[in-house]
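Asks: Next one to model:
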Amino acid sequence: MTSAIPTDTVRRDRRHVRHEATKHEILDAAWKMVRADGLNGLSLRALGRAVDMEPQSLYTYFASKHAVYDHLFADGNRQLLTRFERIEVSDDPSQVLSALARFFVSFAAEDRARYELLFMRTIPDFEPSPESYAIAVEVFARGRSALAAVGFGDDADFDLWTALVAGLASQQLANDPDGSRYIRLIDDAVAMFTEHVFGKRVGKI
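Replies: Next up, the predicted model:
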């Protein structure tokens, strides 16, 4: 016979489920707020009103405004990691680079607030927690591994690649977020990058 679960355990589990559901509701509201007003427009008082909660009650879920940012940072990187896993693997370096660049530039252009939170120091004094930053490190490692698999393992090559893609992403977001002005340049950028890297190697032989 299966023993019954203690009543106090059931109550704790239910409280935990409710607590996590409320946290998700608050984070959803926080995303809406920063998308509408910018990252620095986040206000705990306004956030409390958005979820019909007294501002001081938010501290039950988040110790500070930076704690809210930290959870958004982790959430954004989880979204990036999930999308990264959908990229099709190829043995063709140009196809891999084009896929990675299109993925990243499109991801950036979708959501200015998310891009600024993940990749720019827009919020004074904000540093992600080790737990949240670990997700960003995993994303970085996945990108580096994908490039290394098609022959781009040198540190300088990787730095050049990230600068190239970040530049395209920033330009797309700043100048044509709903279009494809800089996305259209990806194949040319990939061609220049591969020619530079492979040409440099040939020159060393």
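
Asks: Output the contacting helices and strands for the top helix by length along the chain.
Replies: With residue count as the measure and DSSP state H as the assignment, the chain has helix 7-37 as its longest helix. Under the contact criterion of 3 or more Cβ pairs under 8 Å, 6 or more residues apart in numbering; DSSP states H and E, the helices and strands touching helix 7-37 comprise helix 44-50, helix 65-84, helix 112-119. The way it works is simple: take the backbone N, C-alpha and C, and place the C-beta from them, glycine included.

Asks: run the last query once more with 7 Å
Replies: Contacting helix 7-37 under the criterion 3 or more Cβ pairs under 7 Å, 6 or more residues apart in numbering; DSSP states H and E are the following elements: helix 44-50, helix 65-84.

Asks: pLDDT weak spots in the protein?
Replies: Across the chain, the ranges flagged by pLDDT under 70 are 1-12, 200-205.

Asks: Just want the most central residue of it.
Replies: Asn77 (3.3 Å; Cα atoms, centre = their mean).

Asks: With distance to Arg121 added, can I get the helices and strands packed on helix 7-37 in CSV?
Replies: Putting those into CSV (distance: least, Cβ to Cβ, whole Å) gives the following:
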stretch, distance to Arg121
helix 44-50, 21
helix 65-84, 12
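
Asks: wouldn't Arg83 be in contact with Phe107 here?
Replies: Yes. Counting by Cβ atoms under 7 Å, Arg83 sits close enough to Phe107 to count as a contact (6.3 Å).

Asks: Neighbour count: these two, which is higher?
Replies: Set side by side, Arg83 and Phe107 show unequal neighbour counts under other Cβ atoms under 10 Å, the larger going to Phe107 at 18 against 15.

Asks: In whatever helix or strand Tyr133 lives in, which residues are buried?
Replies: Secondary-structure assignment from DSSP states H and E places Tyr133 in helix 130-149. Residues of helix 130-149 classed as buried under the neighbour-count rule (16 or more other Cβ atoms under 10 Å) are 132, 135-136, 139, 142-144, 146-147.

Asks: closest to Phe62 among those?
Replies: Proximity of these to Phe62, judged by Cβ to Cβ, is greatest for Ser132, which lies at 13.0 Å.

Asks: In contact with the closest one, which residues?
Replies: For Ser132, the contact set (Cβ atoms under 7 Å, 6 or more residues apart in numbering) comprises 70, 73-74.

Asks: Distance check, it against Leu81.
Replies: As for Ser132, its distance to Leu81 is 12 Å (criterion: Cβ to Cβ, to the nearest Å).

Asks: How about Arg15?
Replies: When distance is defined by Cβ to Cβ, Arg15 is 30 Å away from Leu81.

Asks: More neighbours: which of these two?
Replies: Looking at Arg15 and Leu81 with other Cβ under 10 Å, you find the greater number of neighbours at Leu81, namely 14 against 10.

Asks: Among the helices and strands packed on helix 7-37, show me which one is buried the most.
Replies: For the helices and strands packed on helix 7-37, ranked by mean neighbour count under the definition mean count of other Cβ atoms under 10 Å, the leader is helix 65-84 at a mean of 19.

Asks: Pull the distance from it to the chain's centre.
Replies: The chain centroid and the centroid of helix 65-84 are separated by 6 Å under Cα atoms, centre = their mean, to the nearest Å.
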